[in-house]
Structure formats: structure tokens, C-alpha cells
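>>> Predicted coordinates and the sequence they were generated for:
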Amino acid sequence: MAFDNAYEALADAHDDARWAFGTGFEDPLSGVDTTVPSGVDGEGLAQYCLMLGDDALVLSHRLQQWCTRAPELEDEVAIANIGLDLLGQARLLLARAGKADGTGRGEDHYAYFRGEHEFRNVRLAEREHVDFAQLVVTVLVVTTWRLAVFQRLRSSADPVLAAIAHKGVNELSYHRDYAAQWVVRLGDGTETSHARTVAALEDVWPLVAELFETHDVERRLPGVAVDPAEVRGEFDDVLAQVLSAATLEIPEVRAKAGVAGGKGRDGRHTEAMGYLLAELQSVARAHPEATW
Amino acid sequence: MVTTRAAVTAREVAETVTDPELPMLTLADLGVLREVGETADGVTVSITPTYSGCPAMDTMRDDLVHALQRAGFERVEVRTVLHPPWSTDWITERGRRRLAEAGIAPPGAAPQRGDGPVPVQLLPPRRRVSCPHCGAADTEAVSEFGPTACKALRRCPACAEPFEHVKEI
């Protein structure tokens, strides 16, 4: 593209060239048939898409916070790529939610203009990573669980959700391998890396049980949603394989309790979530009329 | 769908549009151009994303609209198709040749997945990828993630050059 000055390139008036990737967003489901199949509860489907979309959006944000902080350039690139894939999954799922509940709300509404109690992600996704071991253990746990769920979602009665899951399976397989290889390298590495990975597992594990608790929304959507309790066996098998190669063990820790009977899926989050959303949403909220 | 003379032209125009990140490839070579149809209402083009988060999708959409409008097709609609998901197996022979000529190793066969659990890989995958620079038969993996979502990083032990590889998906 050729412009006389840099500011000209930024102006929307030029529709012949884009000044940067990531501007001028279109609906990621543009042209996709988003009719809710007959017999499927659209309201419930939207809530389910928000759960899966919020998991991806919030973990993606945590991964983005690693930009410029990774131990090696290759990991910098890998973490950014995984974050980008998850952000893509989030965009599709949030857009699906707005079509399914009939409100027509776009992805930006859900990402930027919901309060903390309206986010439906599991609490593990929002957890801050104090070191690289926590990052890779979190990514291993979340992607192993998500991959098993998405593998089953490919036959969801909602064809849009099934298509999103189908693409997601291919991406998540790469993410999980990356995290698994790092957990083995750290666990079976030096005394320090082993100790840090043990600490990371102890930190993450209290939030693992929550991933497999069946929520009312999932119960209301037989054939559309996947019951996460079903994938626990597959998750345990993969973790056993990785942890054994890493000379690590599953820690004996108690599951983190909910607050007033609720957990992440009910919009009850940990303290970290408010800070995360403040960072994620502050620019959009300061300029609510802006287009991106 | 009845293919009219005008629709053939619209397809020809759409087939000239190149990928914004891999400009040596057309969208047709890359396999993201699914369908070009023409009705009384205008031209409809269907494209599919390579990865869910591919930031080049919006640019592809704009480039298609502008190329077709320049060729005289006023009303152009670009639709997203999500299923079946894009696979590197859809990159054409010509596309693979052009990637190699540009120093990017083309992908091998995409992994075939059944309905059972996807096996976890605890070691970097052993793939035979030849060096696009010196032609050495085997090269080593550096990272499965590269400068764009669709590429991995590799290095050639023979000529010591790093290069990108379109990873199988």
C-alpha cells in the first residue's frame, strides 16, 4: 500500500488498504447460517457458548500478558500463537452467542461491556501465572480438558458449534503438545525446575475439579452441549502419561470451594478476575463509541 | 448452480487474489477460496479461515471485494464457511511449488484423526522435511509455532539456515 503520509493510512476513508491486521473487524460468522436448529433452546445455547468462549478469551488474555516475558524467542512466539488461536475461538463463540439468543449482540459487547459476574469462564482460566511453570501447567490442564470436550462437540446438534469445535480440535492438539513437552522438560529437568513445577501443580490442582462439574446449562442441552463429567477419564489418562514422563505426581490438595454456592460458571470469580477485566476492558469502556 | 459466462469471469478474478501473509500464493492455491457464484444479486464468494484466530481473514475479504469491484462486479458478498475445517491438504500442487520457491517448506500429509482421544506427543514430532534452501533431506524442528499461525520454525543442519514450514493441520 502506498500513502503520502502515515496518518492517511490510518484514516478509515481509504477502504482500499488496511493499515494493520486487526483493524476493521467484521463479524467472524459473516455469511454463516446461524439459524438455531429446531428443538434447540437458543437461550441455553447462547449461555453455553459464553462459557466456552469466556474460557478462551480469559486464558488468551493471560497468555498475552506473557508477551516480551517468555524465556526464549521461540516460546514468545508459541505463547502468542496459542493466545491468538484461543482468541479466535472466543470470537467465534461469542458471536455465536449473540446470534443464538436472538439479541444480535456482537462479540465486542460480550468481551468489553459485561461485568465480572456475567463472565462464565472457569476460575482456572483467570488465574495469574507467577512463573513459567504455572503457565505451562495451566495450559496443559485447560487444553487437555478443552480438547476432549471439543472432540465430542464436533457432533453437536448445533452445526455452528460443531464447526467451531472441529477447527478447535486441530489447534488445541498443538497447544496441548507444546505444554506437555514443557511440563516434561521442567519436571524431569533440574532441581529448581522440578520444584517449581511441583509448586505449580499444587497451585493449579485445587481448581481442576471445577472443570468437570456439570452445570445446569449443560444439563439443559442434551445433544448440543458436552457433559464435562464425561471427559474426566480421558483427562486423567493424558495427565498420568505426561506427569509420569515428567517424574511428577498429582498433588493431594482439596478442591477450592465456591463463593455463596457458585463458581466460575455461575459468574463467581476469584480476586484476580477484576484486575484482568480492568485491563481487558478499560480502553473499550473509555471510548464506547469507537470502532476497531 | 448454473455457471454463467459472467460467473466464470468472477471466479477468474477471485482466483488472482493473493494471501496477505503468503503473497506468493493465491487464495485458491492456499485452499481458502471455496466457492464463487453469481446470481442476479451479484457475486458471492465463500472463503474459509485457516486458523480460528487468523487475522488475515478481514484483509482477504477486503481484497476479494476490491478485486471484483475493479473488474466491474459491483455487488460482492464474501461469506465465511467454517465446515469442513481448512486443511493443509487443500494447498494445491502449484501452491506447494511456490512455497518451496519462496524458501518455505510445504506441508506433508495432514494428520488423520478418528473419534477417539487425540494422542499426546511428548517429543517433538519426527517429520521428514527437506530444506527449501539446499535440498538436504532431513531438517530439525525448532518450534511448532512460527511468525504466523500456520507456520512452524525449522533449521537445516547441512546449510545451517533457519526456515519456515507450513505445518500440517
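Thanks, I have the structure now. Numbering: from 1, shown residues only, chains lettered A, B, ... in the order given.
>>> Look through chain B and tell me its longest helix.
Longest helix in chain B by number of residues (criterion: DSSP state H): helix B:57-70.
>>> any residue of that one up close to chain A?
Yes: contact of helix B:57-70 with chain A (CB under 8 Å from any CB of the partner chain) involves B:57, B:58, B:59, B:61, B:62, B:66. (C-beta placed from N, C-alpha, C; glycine too.)
>>> Make a ChimeraX selection of the buried ones in these.
To isolate the buried members of the residues of helix B:57-70 next to chain A in ChimeraX, using 16 or more other CB atoms under 10 Å in any protein chain shown:
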select /B:57,58,59,61,62
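>>> farthest pair in the residues of helix B:57-70 next to chain A?
Farthest pair in the residues of helix B:57-70 next to chain A (CB to CB) is B:57 and B:66. Separation: 15.2 Å.
>>> so which helix or strand takes in residue 164?
All of this is about chain A. helix A:159-187 (DSSP states H and E).
>>> wrong one, chain B
Going by DSSP H and E, residue B:164 is in strand B:162-166.
>>> do that strand and chain A meet?
No: judged by CB under 8 Å from any CB, strand B:162-166 stays clear of chain A, getting no closer than 10.7 Å.
>>> Pairing partners for that strand, with directions?
strand B:104-105 (parallel), strand B:151-155 (antiparallel) (DSSP bridges).
>>> Export those as TSV, with columns for mean neighbour count.
Formatted as TSV, these follow (neighbours: other CB atoms under 10 Å in any protein chain shown):
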stretch	mean neighbour count
strand B:104-105	22
strand B:151-155	21
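>>> ok, back up a step: tell me the average confidence for the longest helix of chain B?
Average pLDDT, helix B:57-70: 93.
>>> which residue does the stretch 51-200 of chain A bring closest to chain B?
residue A:88 (2.5 Å; CB to the nearest CB).
>>> The helix or strand hosting that residue: what's the following helix or strand?
Residue A:88 belongs to helix A:73-100 when assigned by DSSP H and E. Remark: after helix A:73-100, the chain's next helix or strand is helix A:107-112, criterion DSSP H and E.
>>> show me the contacts for the residue most central in space within chain B.
Closest to where the C-alpha atoms of chain B average out (CA atoms, centre = their mean) is residue B:30, at 3.0 Å. Residues near residue B:30 by CB atoms under 8 Å, 6 or more residues apart in numbering or on different chains: B:19, B:22, B:50, B:90, B:91, B:95.
>>> picking up where we left off before, could you name the helices and strands sitting against the longest helix of chain B?
helix B:5-14, strand B:42-47, strand B:76-80 (3 or more CB pairs under 8 Å, 6 or more residues apart in numbering or on different chains; DSSP states H and E).
>>> and the next helix or strand after the longest one, how far from the chain's centre?
Okay, so that is helix B:5-14. The C-terminal neighbour of helix B:5-14 among helices and strands, as given by DSSP H and E, is helix B:27-30. Mean-position distance between helix B:27-30 and its chain equals 6 Å (CA atoms, centre = their mean, to the nearest Å).
>>> With stretch A:264-277 instead?
Using CA atoms, centre = their mean, the mean C-alpha position of stretch A:264-277 is found 14 Å from that of the whole chain.
>>> contact partners of it?
Residues contacting stretch A:264-277 (CB under 8 Å, 6+ apart): A:51, A:58, A:61-62, A:116-128, A:210, A:213, A:215, A:217, A:258-260, A:262.
>>> change it to 6 Å
With CB atoms under 6 Å, 6 or more residues apart in numbering or on different chains as the test, stretch A:264-277 has contacts from A:116, A:117, A:118, A:120, A:121, A:122, A:123, A:126, A:128, A:215, A:259, A:262.
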